[in-house]
Each structure stands twice: as C-alpha cells, then as structure tokens.
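Q: Mind folding the following:
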Amino acid sequence: MKQPISPPHHINFDDYIEETLSFLQAVRDKIGRKRLEGATRPTWIKVKQGRIPRIHGFYDYSQISSISISAALVVAACYDRAARISGKAPPAINYPQWPQSVFRVLFDVGFFEFIGHIKSEDSDLCRHRGNDGSGKIMSAISGKNANGLEECSGEIFNLLKFLSFKDDAAEVILADVNSAISEAMINVARHAYPDDFVQESEYDTVNQWWMTAQADRENRTLTIVVYDQGATIPGTLPRREWFKRAVEGAMRQVIPDFSYSSERRARDHEFINYSVKEGKTQTGDHQRGLGLPQMQSLIDLCDDGSLTIVSRAGLYKYGKNTGVHKRALPTELEGTLIEWHLSLPEGASLDG
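A: Numbering: from 1, shown residues only. Down below sits the predicted model:
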C-alpha cells in the first residue's frame, strides 16, 4: 500500500552506529509500541473478502549491503517481541532479493526462527547454519534468567572446538567466559525489567535477553553478543541514594559542575564507564557487578580484544591496544547491547 522504506546500506555499531540507531528506532516505533488498553493489535496482513491481501508497508532489506551479528541480534529481538505480542509471524518480503551475505547473517543468527518462519528442527534448512569454512555463527538463544547459561555454554564450547581448541583447553576458556556471561544474565533478570519501567515504557516488554556468538577460525577470534530491551545501565544503576552520592562525588573529580539529575542522558556514557569498575552495582553488593569488569580484564589476557557497550544514549568501548573510548549518542538504543570480542591465545588458559 506504500512504497518500501530503505534501511541504511550498512548496519553495525562501529562505523555506522548513528545510522543504525536511527534505523532501529524507526523499526521499534513501528512494531514495538504499546497499544491502548483494550485496543486490537493490527494484523501484519490486511485481508478483506474478495480483495488481494495487503500490507501497509515494509523495510526493503534488499537495500542492505552488510549487517553485523550484533545489529542482526537487535533486529531479531525487535521482531521477536512483535511476533510474541501479536501471536503471528510478520511476513518476510522479497527475501530472495536480499543480498546473500545479509540473508546469511540473519539466517545464522536465528532471525527467521524468532519471527516464526522456520523451526530449529527443520534440519534440511539448518544443518549447514553458521559455517562457511572459516567462520561460524551461533544461532541466538533467548531467556529470562541464568537458566539459559547451560545451552549458551554448550554452543560456545562448540565454537571453541571449531577454533581447534582441544576439549581440555576449551573447557578452561569456557569457565572464564561462562562466569562473565552468567553475571550478565543475572543482571538482566534482576535489574533490566523493574515493574515501574515495564509500566512506564512506551514499548511492549517481554522480559528477555538475547545472545549470539561468532567464531573466526582464520583470525582465532570469538565474539559474544548479549542484548536486552530493558531499563539500561544508566537507567538502573542510579536507584539508591548512596549511589547518587557516590556518582556525584566521583564525577565531580572529573567534571566539577556535574549534576546528577540534569546530566542523565547527556552523561550516559559516563554511567556505563562507572559500571565497568569492579563492584559498582545497583545493590551495593561488592560480590555482584563482576560481569563487565571481568569481561574487560579477560581482554587484557588475550592477544587482542575489545568490549563495546551501547546502553540508552551512551557508548563505551575498551580495546586492549586502544584503551577507553566513550561518548554520548544522538539517538538512544532501546536497552543494552554488550559485544565482547576476544582474540584468543594459543595456550589453554586466560588466567595469566
């Protein structure tokens, strides 16, 4: 019924982060907003007797030239939520025309499973998923708490084996990786979807996290991506008066005129930076909050690596050889995205 909308040609959180965030905002505004109580959720396809079925419009994914696994995971999560809320799979339009590389990333991440087009047991479709010889992508997993860790752990173990680690070496690395990931999952379960956020959010909430990973055999790298649509790191950390005082005290050493209440979104990147420091949690429990600091410390034990966190209007990136880069973003991300990239050493241990 309308001309298709063209997405950005490149969708990722690196060189094209601003275009990507604008695109993601447009998608969630169209398919993620709450409806008025009692309102009927419109169907994806309008069907009237005696007329050809119609759709209002669509994003022309054939115009995309490249998409990263982290961006593909966020897109999949947006559509997964819409499919869960509506109870029906959204149509995929003109997908034979999508560039093969773009289709493959979305397929390998599990996009078509999340939106209800295929089932994981469709072996004819899925048996060659995610493996092009030198690279392999894990089909994304979604959950509400750390109970999903066992399934994620098994998939990451397979990726380590794909990278030619022997079982004992893979298990040593996996133990370090699992410790950090489980903490991230627990944080989502405890803090990402508080009741007041669920009630006040302009978008539907399904209280989920999503996770995928990718192994590159040629470069011996492992990339792990975790995403949630929750209240964000800057939105959930400052919930206690002690935290407000601590943040203001710490921030005024760097920014003398820092005001906690007036600097919320403009300083989101600083809140993320603060959260990466060991033990900086919403609860005040110094045994918690080890996920992000542990991810960052493990990078230093690898040949190379990086940790990228996008949460609300803040970007934080740490690289072993580049240090910390952080800045405010003009467009917010819904929720929090963590991308953990490790260039793994030849040895079996990351414990130094």
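
Q: following the strand or helix carrying Val74, which helix or strand shows up next?
A: Using DSSP states H and E, Val74 maps to helix 69-86. Beyond helix 69-86 on the C-terminal side, the first helix or strand identified by DSSP H and E is helix 100-109.

Q: Show me which positions of that following helix end up buried.
A: The neighbour-count check on helix 100-109 (16 or more other Cβ atoms under 10 Å) flags 102-109 as buried. (C-beta placed from N, C-alpha, C; glycine too.)

Q: rewinding a little: so which elements touch the helix holding Val74?
A: strand 10-11, helix 17-31, helix 100-109, helix 111-114, strand 209-216, strand 221-228, strand 323-343 (3 or more Cβ pairs under 8 Å, 6 or more residues apart in numbering; DSSP states H and E).

Q: Of those, which is nearest Met251?
A: Nearest to Met251 among the helices and strands packed on helix 69-86 is strand 323-343 (13.0 Å), distances taken as Cβ to Cβ.

Q: quick one, the closest one and strand 221-228 angle?
A: 110 degrees (axes from the mean of the first three to the mean of the last three Cα atoms, to 10 degrees).

Q: Direction included, what does strand 323-343 pair against?
A: strand 221-228 (antiparallel), strand 304-319 (antiparallel) (DSSP bridges).

Q: CSV for those, including mean pLDDT and distance to Ala82?
A: Putting the strands paired with strand 323-343 into CSV (pLDDT from 0 to 100; distance: least, Cβ to Cβ, whole Å) gives the following:
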stretch, mean pLDDT, distance to Ala82
strand 221-228, 96, 15
strand 304-319, 96, 21
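
Q: Looking at these, which one is packed in the most?
A: Highest mean neighbour count among the strands paired with strand 323-343 (mean count of other Cβ atoms under 10 Å): strand 221-228, with a mean of 24.

Q: How far does it sit from its chain's centre?
A: Its chain's C-alpha centre and that of strand 221-228 lie 7 Å apart, by Cα atoms, centre = their mean, to the nearest Å.

Q: follow-up on the earlier one: please name whichever of the helices and strands packed on helix 69-86 is nearest to Ala140.
A: strand 209-216 (4.1 Å).

Q: is it true that Phe114 touches Ala82?
A: No - the pair Phe114 and Ala82 does not pass the contact test of Cβ atoms under 8 Å, sitting 9.9 Å apart.

Q: who's more crowded, the two?
A: Phe114 (26 against 23; other Cβ atoms under 10 Å).

Q: For that one, give its distance to Pro99.
A: Per Cβ to Cβ, to the nearest Å, Phe114 is found 20 Å from Pro99.

Q: circling back to that earlier point, which of the helices and strands packed on helix 69-86 sits closest to Tyr193?
A: The nearest among the helices and strands packed on helix 69-86, by Cβ to Cβ, is strand 221-228 at 8.0 Å.
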